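In: Below is the structure, and that's it, no one-letter string:
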């Protein structure tokens, strides 16, 4: 709850996006038949996936238009920051990993680790 309030205090748009992500993730969880523990992990990850943005400078987060390469490199750190914050609060590895890897892409073009498949 404290981390969710932190997101809300930093950026109400991020909070709204997190709530939308929760709704979509619940539909996906039902479709894939996840068990209750998996659903709980996914719910938490959906709500907190962008909590790492609290560690990103407001100037970068609110910058209109395309980010410079340097600013985008800073934004790319938010999954790591979020995973550290959540990992220091809960011990659910699935939730922490979901937050850490939420910007990975199937083709390996995502971040922070460039995972594929």
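Out: Received, thanks. Being a predicted model, the structure only gives us computed values, none of them experimental. Numbering: from 1, shown residues only.
In: Apart from its chain neighbours, what residue comes closest to the most centrally placed residue in the chain?
Out: Within the chain, the residue whose C-alpha comes closest to the C-alpha centroid is residue 49; the distance, by Cα atoms, centre = their mean, is 1.9 Å. The spatial neighbour of residue 49 that comes closest, neighbours along the chain excluded (Cβ to Cβ, 6 or more residues apart in numbering), is residue 102 at 4.7 Å. For glycine as for every other residue, the C-beta is placed from the backbone atoms N, C-alpha and C.
In: Distance of the residue lying farthest from the centre of the chain relative to residue 8?
Out: No residue in the chain sits farther from the centre than residue 33, which is 22.3 Å out by Cα atoms, centre = their mean. For residue 33, the distance to residue 8 under the criterion Cβ to Cβ, to the nearest Å works out to 32 Å.
In: Any regions of this protein where pLDDT drops low?
Out: With pLDDT under 70 as the threshold, the chain has low-confidence stretches at 10-11.
In: Which single helix of it contains the most residues?
Out: Taking residue count as the measure and DSSP state H as the definition, the longest helix of the chain comes out as helix 12-32.
In: so what secondary structure elements neighbour that helix?
Out: Here helix 12-32 is seen to pack against helix 2-10, helix 36-48 when contacts are counted using 3 or more Cβ pairs under 8 Å, 6 or more residues apart in numbering; DSSP states H and E.
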